[in-house]
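S.K.: test case, fold it:
(chains A, B and C)
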Amino acid sequence: MAGFILRRALLVLPSLLGLLVVCFLLIRMVPADPAVALAGDNATPAQIEAIRRSYGLDQPIHVQFLRYLEGVARLDFGQSQFSSRPVAEDIAQRLPATLELTMAALLISVGLGVPLGVLAAVNHNRWPDFVLRVVSVAGVAVAAFWLAIMLQIVFAMQLGWLPLRGQLSAGLTPPPGPTGFLLLDSLLAGRFDLLADALRHLVLPAVTLSLGGLATITRFTRAGVLDTLQKDFVFYERASGYAPRRLVWIYVLRNSVAATVTQIGLLFGGLIAGAVVVESIYDWPGIGSYTVQAILTADSKVMLAVTLLVGLIYAVVNILTDVAHALIDPRLRDRA
Amino acid sequence: MLNLTRRGCMVLPLATLAGASLPVQAATPGLMVRSDGQPQNLDPHQVFDVPMMGYALNTYDGLYRYQNNPPILEPWLATGHTASEDGLDWEFKLRSGVTFHDGSPLTSADVVYSFRRVLALGKAPASAFLPILKRDNITAPDPLTVRFRLDRPYGPFLAAIPIVAIVNAKLVQANEKGGDNGAAWLAGNEAGSGAYSFVPGTLTPNERLDMQRFEGHFKGWSDNPSPVARVAMRTARETSTGVLGLMNGSIDWTDSYLPTDQVEQIQSSRVARVERHSSLRTFVIRMNNARAPFNNLNFRKAMAHAFNYDGFIKEILKGYADRNAGPMPNPLWGVPKDAAGFDYDLGKARNFLRAAQAEGVNIRQPVRIHIQSQLEQTNQAAQLFQSDLQSIGVNLRIVADTWANIVTSTGSAETSPDMWIHWVSTYFVDPENWVGQMYDSQFHGTWKASSWYKNPEVDALLGRARGLVKQEERAPLYEEATRRVMADCADIWVYNTVELRGVSNRLSGYRFCPAGGGSELRWLQLKG
Amino acid sequence: MAAPVLEVQALRVAIRGDEGLARILDHVAFRLETGRILGVVGESGCGKSTLIRAILGILPRGAQIGGGRVMFEGEDLLAFSEAELNRQVRGSRISFIPQDPYLALNPVFTVGAQLLETMRRHRPGTRQDHRAELVRLLRRVQLPDAEAALDRYPHQFSGGQRQRLLIAAALACAPRLVVADEPTTALDVTTQQQILLLLRELVEETGVSMLFVTHDLGVVAELCDDLCVIYAGQSVETGPARAVLNSPMHPYTRALLACHPDRSEGFTGIPGAVPLPLRAPPGCRFAPRCPEARQACPARTSHPRAAAPGRAVDCILYDPVPVEAVP
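M.R.: Numbers count the residues shown, from 1 in each chain, chains lettered A, B, ... in the order given. As a prediction, this is how the structure comes out:
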């Protein structure tokens, strides 16, 4: 298994390099000149030229790329052209917020989606199945921003149960560290007031973000369980008098989640993409909103670093998905 | 930062549902929450835009500052200035006893360092100074005197003085790294003397930062019995979120670009109001005068008569804008009172179109207008224009684009769009900011001069006005230049902005100034 | 004669589908005496699996009992609730050996986990006790390396080994009855022989009773004490295996044995085809193919008659001639 992971990890490097090349070319193909944006609204052409030179934007593209690669090899992702801060520092500050949000969303998607999928399958063609089928189609179809604003109006405005926006109430100061994960740091600092406040802020964004995944996970779990229920070994297990709940939730489920696990892996990437919309509406200080900002201002170093990060996350999740498959199904383990 | 996104506008009417409910979020005493945007970074010498002013007008001070509406240039850190007859030598006397947030005194050395630093960084705030000011020509003969010697006379020099925030020289120098002039450090820290100070450790760039009241500010606080003690800046990206926050009491202050359809709803609520103030910010539809068919005067006039100004202002903007028929904002000096501009008259438009056709213009050739897809208003204007032009036989195609792309394309006449739409905000309160930089051909290649208008007489008028110091001498030159630009129908000038900012009823004492859009917080009084 | 461990009486099962009511079992009746092996023989599609499902109480969705009783140790299983069946019958008093050992074990759990699951629920004692008992049983069924086997996964065993595992599992909770569903079909001939031998030994050792469902008359002859022949959902003839095989009484049984003296599988010698349950003829379902069919066959109600000691036949030929009958 360790060898398998190592092999996969080594394969990630060339893919990421390819990703960088493509991304670098794409960014250069967009006409927007970062020097123009940097120079500000009243800049003279000479001023723009000077800025272009000082950022090395006047160099041939392969020179720019090699320079960039050289930096990346030293884990130096350059400076954001606009915030004048190291990109790595910006991302390190923001990534935890996005990870907390996506993990919470994933937890909801999986924690609810798997049981609901099982419920639908066990009640195949009866009312719980019909209800869940309608809901899961709706879940895929409903636009995240619409849902977000609806949730805001209902839960933050009418009922006043949950905060409208942000990660923490304006009057509170997040703990200084050590991990950068707000929930974790609050817990470590023993600040349960912060923890409670942060959790309240997490609910609406996480629910919004989870919905698409919830629907997907429900559908895939339902299909998987339905398929498994037809298998001979399920009849054998029933005939052997397995306790009905253990039969479904342990013996059937573990056989049914292969497709679901693949979906969870894909979903994680999707969640990071979905975070762009959700973070914008809820003012969540993560990398989603950071990326939007970077694109609007043609901040190429940030775009490259985020692309690399998302690529890396995909790759890691991919490996983890394969590992999870192997853990679930011993037949794959023996093959590997 | 403007954020009139399409989805924000589409969904906002839903917020009416929420309007009935009471504020549900209890406000923290002494704390005010702002949802308008943060600057890209915190260094006022690297960034100069509306969000930066919203930050720097509070954390930093300048030699002079614009106050009131219409804006008046008032001595601030300076007690006054003198200028030589030829307009080359300027001397500013400083107020004594001013201290920075760290308690150290503010002296002429800090002023010299600040101006030199702006020039050295060469970023946005430098534009006004780079062509006329050299590093070594900024000097400090004594701790309370600063002298500037300009390369050539430059009329708008004084008007541009408030752009430069005075930073604590020792503090910034102590944090320089590898000859970066402390750029990296100041991007995330603060070294000012303003009425509010940045609270270290509260910054997530573009998301949140806190400021707290600076007791020792040189203006004192005797004129404000209940100032805001702490300011939490929490950027709201979607307009809808900002408005909802205002209605439920979790936000006290939005940006000043509220969509007009939100005004009534906020006004009718008990918790907040909309501050409405005529600003200096013009809305322009640019035409590329260097390219057919816009190189024909009659065609341009036909276009100018085909835009439904009143319909746009009354119906789409619900009346929250002032018709502004020329390139200069109406409240400013240097505006010719006798220039009428163009009205919406499709009959006249048809006649001019016929005249253009007689002169050999192919009026069937489709023309393209670039909008900024993030800014819904540019789209609304383009669509309105499109339907009127269709009725007179001109085929207008709308191209969705972004600011960064358009600005890059304006580098040459060939790549500049046929037409595009933008605002011209107040960077400094001087005709130079509008007619000067928009229609003097020496600025060709910048986005502001993207109509590629070239008229040697106008160039001469503007050049002369730039070289003079006294307003009364400069004004007639700008008026004449404006008259000619309007006669040539260089662009389609639509309106001057009414800024709309949602403000919680907890706050009173709001004062608006077009420079900075009313974001100076020193005046604000907070209930609870 | 000892009391029967299982007595199926006039069992009828139908499934309601889109095309109507399919009467899968239309009067099945037989007795299984304690300690004996009863072979239930029929072609594929004759209702064997439905019979097993009815006994275990795991009927497919839409299936309904049309009548009859399944008496198990004096109680009618059809009157049991699902929970009672699950708790008191399946896996404990009645155990099951499936047809295909390749498909019957859950591929993602160790063999031990699966085998212990049943014991955990149906047998007192600690996990260690269960493990020890299981290892003893695995040794008894001659599974190599019994101790380690529990921690291995199904795909790591051969088909024959898996069937041995399943046999051990069937005995793990000391059941009164083992229902075996063609447990040797999926195996090669040599392995088949070994498994049959093993089953025979185990029944004799433990005194358990066994219902052995098959389509293979050869297997019946080799293994079974008694025999029940089913045709298209109707039990046509029951009796001691040897007696029935030597002198079949029902025309179907006779046809079956006549065209297959070697008693192997296949029924091609009989003209016509087995009717589908949806379009089954009324009365005796074999009548349309029967060389000795009478006019009254379609009107006859199923009713087995004792035709010889220990034997019963359900056929008009063996009905007592009614007095008023007109030839």
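
S.K.: sticking with C:I230, tell me its helix or strand.
M.R.: strand C:226-231 (DSSP states H and E).

S.K.: what helices or strands is that strand leaning on?
M.R.: Packing contacts for strand C:226-231, counted by 3 or more Cβ pairs under 8 Å, 6 or more residues apart in numbering or on different chains; DSSP states H and E, involve strand C:20-33, strand C:37-41, strand C:234-240, helix C:241-246, helix C:251-258. C-beta here means a position set from N, CA and C on the backbone, and glycine is covered the same way.

S.K.: what strands flank it, and is each parallel or antiparallel?
M.R.: Counting by DSSP bridges, the strands paired with strand C:226-231 are strand C:37-41 (parallel), strand C:234-240 (antiparallel).

S.K.: from the chain's centroid, how far away is that strand?
M.R.: 9 Å (Cα atoms, centre = their mean, to the nearest Å).

S.K.: rank the helices and strands packed on strand C:226-231 by pLDDT, which is bottom?
M.R.: For these, mean pLDDT drops lowest on helix C:251-258, to a mean of 86.

S.K.: for the helix or strand containing C:E205, which helices and strands make contact with it?
M.R.: Of the helices and strands defined by DSSP H and E, C:E205 is found in helix C:189-206. Counting contacts by 3+ Cβ pairs under 8 Å, 6+ apart, helix C:189-206 packs against strand C:37-41, helix C:159-171, strand C:209-214, helix C:217-223.

S.K.: please parse the chain into its domains.
M.R.: I'll assume chain A. Domain assignment for chain A by automatic domain parsing gives A:2-73, A:93-335.

S.K.: that's the wrong chain, I meant chain C
M.R.: C:4-93+C:175-318, C:103-174.

S.K.: how about those in TSV, adding mean neighbour count?
M.R.: Output for the domains of chain C, formatted as TSV (neighbours: other Cβ atoms under 10 Å in any protein chain shown):
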stretch	mean neighbour count
domain C:4-93+C:175-318	19
domain C:103-174	19
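
S.K.: can you tell which of those is closest to B:N137?
M.R.: When those are compared by Cβ to Cβ, domain C:103-174 sits nearest B:N137, at 80.7 Å.

S.K.: part of a helix, is B:L332?
M.R.: No: assessed with DSSP: H, G, I helix; E, B strand; the rest coil, B:L332 is coil; it does not lie in a helix.

S.K.: any idea how far B:C489 is from it?
M.R.: As judged by Cβ to Cβ, to the nearest Å, B:L332 and B:C489 stand 21 Å apart.

S.K.: what sits against residue 167?
M.R.: Using chain A here. Applying Cβ atoms under 8 Å, 6 or more residues apart in numbering or on different chains to A:Q167 gives the contacts A:A97, A:P174, A:L182, A:A198, A:H201, A:L202, A:W284, A:P285.

S.K.: please refer instead to chain C.
M.R.: Taking Cβ under 8 Å, 6+ apart, one finds C:I97, C:V141, C:P183, C:I195, C:L198, C:L199, C:L202 in contact with C:I167.

S.K.: can you tell me the closest non-neighbouring residue to residue 147?
M.R.: In the absence of a named chain, this looks at chain A. Nearest non-adjacent residue to A:L147, counting by Cβ to Cβ, 6 or more residues apart in numbering or on different chains: A:T208, 5.4 Å away.

S.K.: that's the wrong chain, I meant chain C
M.R.: Closest to C:E147 by Cβ to Cβ, 6+ apart is C:V135, at 5.7 Å.

S.K.: tabulate the strands paired with strand C:226-231 (CSV), appending distance to A:I217.
M.R.: Formatted as CSV, these follow (distance: least, Cβ to Cβ, whole Å):
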stretch, distance to A:I217
strand C:37-41, 44
strand C:234-240, 48
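
S.K.: can you count the residues close to B:N455?
M.R.: Neighbourhood size, B:N455 [other Cβ atoms under 10 Å in any protein chain shown]: 19.

S.K.: hmm, I was thinking of B:A140
M.R.: Neighbours of B:A140 (other Cβ under 10 Å): 17.

S.K.: just the element for it, please.
M.R.: strand B:133-142.

S.K.: in that strand, what counts as buried?
M.R.: B:L133, B:N137, B:I138, B:A140 (16 or more other Cβ atoms under 10 Å in any protein chain shown).

S.K.: distance to chain C added to these, as a markdown table?
M.R.: As requested, the buried residues of strand B:133-142 are exported to a markdown table (distance: Cβ to the nearest Cβ, whole Å):
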| residue | distance to chain C |
| --- | --- |
| B:L133 | 76 |
| B:N137 | 81 |
| B:I138 | 77 |
| B:A140 | 80 |
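
S.K.: now, which of these sits nearest B:F218?
M.R.: Once Cβ to Cβ is applied, the member of those that ends up nearest B:F218 is B:A140, at 18.8 Å.

S.K.: skip the chain neighbours and tell me the closest residue to the closest one.
M.R.: Nearest non-adjacent residue to B:A140 (Cβ to Cβ, 6+ apart): B:S108, at 3.6 Å.

S.K.: wait, the one you found sits on B:V146?
M.R.: Yes: assessed by Cβ atoms under 8 Å, B:S108 is found in contact with B:V146 at 4.8 Å.

S.K.: which one of those two has more residues nearby?
M.R.: Using other Cβ under 10 Å, the more surrounded residue of B:S108 and B:V146 is B:V146, with 28 against 20.

S.K.: can you give me the end-to-end span of stretch C:307-319?
M.R.: 9 Å (Cα to Cα, to the nearest Å).

S.K.: mind listing what residue 174 touches?
M.R.: In the absence of a named chain, chain A is used. Contacts of A:P174 by Cβ under 8 Å, 6+ apart are A:Q167, A:L168, A:L182, A:D185, A:S186, A:L194.

S.K.: my question was about chain C
M.R.: Here C:A174 is in contact with C:R123, C:T206 (criterion: Cβ under 8 Å, 6+ apart).

S.K.: swap the cut-off to 10 Å and go again
M.R.: Neighbour list for C:A174: C:S92, C:R93, C:S95, C:H122, C:R123, C:E133, C:T206, C:V208 [criterion: Cβ atoms under 10 Å, 6 or more residues apart in numbering or on different chains].

S.K.: check what pLDDT it gets.
M.R.: Value for C:A174, per-residue pLDDT: 87.

S.K.: would you mind measuring from it to chain A?
M.R.: 13 Å (Cβ to the nearest Cβ, to the nearest Å).

S.K.: distance check, that residue against C:E205.
M.R.: 12 Å.

S.K.: could you do B:A78 as well?
M.R.: Taking Cβ to Cβ, one finds B:A78 at 111 Å from C:E205.

S.K.: B:A381 against B:I285, yeah?
M.R.: Yes: with contact defined as Cβ atoms under 10 Å, B:A381 reaches B:I285; the gap is 7.0 Å.

S.K.: so for these two, which residue has more residues nearby?
M.R.: Set B:A381 next to B:I285 and count neighbours by other Cβ under 10 Å: B:A381 wins out with 24 against 21.

S.K.: from the contacts of A:Q167, which ones fall inside helices?
M.R.: Members of those lying in helices (criterion: DSSP state H): A:A97, A:L182, A:A198, A:H201, A:L202.

S.K.: most neighbours, which of those residues?
M.R.: A:A97 (26 neighbours).

S.K.: give me the nearest residue to that one, chain neighbours excluded.
M.R.: Counting by Cβ to Cβ, 6+ apart, the residue nearest A:A97 is A:G286, at 4.1 Å.

S.K.: please give me every residue in contact with that neighbour.
M.R.: A:93-102, A:167, A:205, A:272, A:275-276, A:278-279, B:204, B:207.

S.K.: backbone dihedrals for C:I97, please?
M.R.: phi -110, psi 120 (degrees, to the nearest 10).

S.K.: so it is in contact with C:A186, correct?
M.R.: No: the pair C:I97 / C:A186 is not scored as a contact, 11.9 Å apart, by Cβ under 10 Å.

S.K.: what is in contact with those two at once?
M.R.: C:A104, C:Q163.

S.K.: check the spacing between the residue nearest to A:A97 and A:L119 real quick.
M.R.: With Cβ to Cβ as the criterion, A:G286 and A:L119 are 32 Å apart.
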